[in-house]
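Q: Quick one, fold the following:
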Amino acid sequence: MSDSPDKLEQDVEASRGRLDRTLADLQARFNRPGIPRDFADLRRSGQAASETVERLVADVRVNPVPALMIAAGFGLLVYEAFRTAAERRRLAFVSAGSAITTTDRHLPENHPDRMHERLDDALEESFPGSDPVSVRITK
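A: As a prediction, this is how the structure comes out:
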């Protein structure tokens, strides 16, 4: 051991002093009046919230129509927010290419080879053969 006993004793005393200061600081933090005051404030804020709710209910009883209008407006706001979010999710899902296409291009009756046949059918429906006006469309 290279340290002398006097040096070791000084180190021990210095450590005790630091430990005492640390304990005193911790004790001051936990024993200060702030923590019980914080709990009391929390209880008072709960009471204040209760009083606020009671006042709100009393105001609604006195003026039900404005309260209903406010509630309806808030309901529409929430509805629109959910609808918009759902639409965004749907569009993101479709644009990601992971969804089945929502168009009817994949249906067999909409194949490009049958386009002329369908146009002829539509023309016949629009201008039936008994119509006095003769219409001829060239392809």
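
Q: ok, longest helix in the chain?
A: Using DSSP state H to define each element, the chain has its longest helix at helix 64-95.

Q: what distance separates it from the centre of its chain?
A: Offset of helix 64-95 from its chain centre (Cα atoms, centre = their mean, to the nearest Å): 12 Å.

Q: mean confidence for that helix?
A: Mean per-residue pLDDT for helix 64-95: 89.

Q: Can you name the element that comes right after that helix?
A: Sequence-wise, the next helix or strand downstream of helix 64-95 (DSSP states H and E) is helix 115-126.

Q: And that next one, how far out from the chain middle?
A: 50 Å.

Q: What of stretch 23-32?
A: What separates the centre of stretch 23-32 from the centre of its chain is 42 Å, taken as Cα atoms, centre = their mean.

Q: Give the rounded mean pLDDT of it.
A: The predicted model assigns stretch 23-32 a mean pLDDT of 75.

Q: what comes up buried for that stretch?
A: Using 16 or more other Cβ atoms under 10 Å as the burial criterion, none of the residues of stretch 23-32 qualify. For every residue, glycine as well, the C-beta is placed using N, CA and C.

Q: which residues touch it?
A: By Cβ atoms under 8 Å, 6 or more residues apart in numbering, no surrounding residue is in contact with stretch 23-32.

Q: What would that stretch look like as PDB? C-alpha coordinates only.
A: The C-alpha coordinates for stretch 23-32 follow below in PDB (Å, rounded to 0.1, in the frame of the first residue of the first chain):
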ATOM      1  CA  LEU A  23     -28.400  12.800   1.800                       C
ATOM      2  CA  ALA A  24     -29.200  16.300   3.000                       C
ATOM      3  CA  ASP A  25     -30.100  17.400  -0.600                       C
ATOM      4  CA  LEU A  26     -32.400  14.400  -1.000                       C
ATOM      5  CA  GLN A  27     -34.000  14.900   2.300                       C
ATOM      6  CA  ALA A  28     -34.600  18.600   1.500                       C
ATOM      7  CA  ARG A  29     -36.200  17.600  -1.800                       C
ATOM      8  CA  PHE A  30     -38.600  15.100  -0.300                       C
ATOM      9  CA  ASN A  31     -39.400  17.000   2.900                       C
ATOM     10  CA  ARG A  32     -40.100  20.300   1.300                       C
END
